[in-house]
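Undergrad: Structure, please.
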Amino acid sequence: AAGSGIPEVKAYLQGCNVPQLLRTSTLVCKALGVLCAVCAGLVVGKEGPMIHTGAIVAAGLSQGSSKTFRLRTPFLRSFRNDHDKRDFVSAGAAAGVAAAFGAPIGGVLFAMEEAAAYWSQALTWRTFFCSLCSTFTLNVLLSLLAGNGLRLAHPGLVTFGGFAGQEATDLYGLHEIPVFMAMGVCGGILGALFNGANGRLTTLRERLGPRGRG
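TA: Here you go, the predicted model:
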């Protein structure tokens, strides 16, 4: 539980066996240590421990068991293998980055470029969805604790300041999320149409070009 936990998580995702890295006892020690250190005003950050915490939670949920409590549930048996466990740990680490900085795409890029040694296209979308859920859940909880209702005014735990004259309630509300989703769907459809049209035009130009005529 000492340190940020990022080097250990990266070593695990690259195939190294790190004893007791993903234990529940490690999670408890990490959480209490970070809580006491931050409250005491020590020069430490909570970004690295959040990545380690996300990895531990993802590993425990994916296996449906806990070696610390000697608990093994009959659920999620299909995920009890090294391949799926590493995928869940990658998603958990990405969720930790997304929650710390309010950046789901940044979480995916961290897991893909810095942490994991094995990656796939399917894991990209799963990790991105996990990061979105992490950021959204943290945003809702912090907004409720701050008394802003569902204004979603807290994108992450680490902020670099706001714009001049901007209030905490000037961001966006929960009722606006369907509009953003519709905009994203429309943008994806338009992008797919553009790629399809570009491919067809390229094929047509090859047929009608000098080589096609000859």
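
Undergrad: CA only for contacts and neighbour counts going forward, please
TA: Noted.

Undergrad: Show me the shaky parts of the protein.
TA: For the chain, the stretches with pLDDT under 70 are 1, 65, 68-69, 146, 148-173, 210-214.

Undergrad: Show me where it has its helices.
TA: Remark: helices assigned in the chain by DSSP state H are 6-13, 24-39, 47-63, 82-101, 104-109, 121-145, 177-208, 210-213.

Undergrad: Packing partners of the first one?
TA: So that's helix 6-13. helix 47-63, helix 82-101 (3 or more Cα pairs under 8 Å, 6 or more residues apart in numbering; DSSP states H and E).

Undergrad: Would you mind giving the orientation angle of that helix with respect to helix 47-63?
TA: On the basis of axes from the mean of the first three to the mean of the last three Cα atoms, to 10 degrees, helix 6-13 is oriented at 30 degrees to helix 47-63.

Undergrad: can you pull the buried residues of helix 6-13?
TA: 6, 8-13 (16 or more other Cα atoms under 10 Å).

Undergrad: Out of those residues, which is nearest to L201?
TA: L13 (42.6 Å; Cα to Cα).

Undergrad: For the closest one, which residues are in contact?
TA: Taking Cα atoms under 8 Å, 6 or more residues apart in numbering, we find L13 in contact with 86, 89-90, 115-117.

Undergrad: So it versus A37, what's the distance?
TA: 28 Å (Cα to Cα, to the nearest Å).

Undergrad: circling back: export the helices of the chain as JSON lines, with columns for distance to P74.
TA: Output for the helices of the chain, formatted as JSON lines (distance: least, Cα to Cα, whole Å):
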{"stretch": "helix 6-13", "distance to P74": "26"}
{"stretch": "helix 24-39", "distance to P74": "19"}
{"stretch": "helix 47-63", "distance to P74": "10"}
{"stretch": "helix 82-101", "distance to P74": "16"}
{"stretch": "helix 104-109", "distance to P74": "30"}
{"stretch": "helix 121-145", "distance to P74": "24"}
{"stretch": "helix 177-208", "distance to P74": "36"}
{"stretch": "helix 210-213", "distance to P74": "63"}
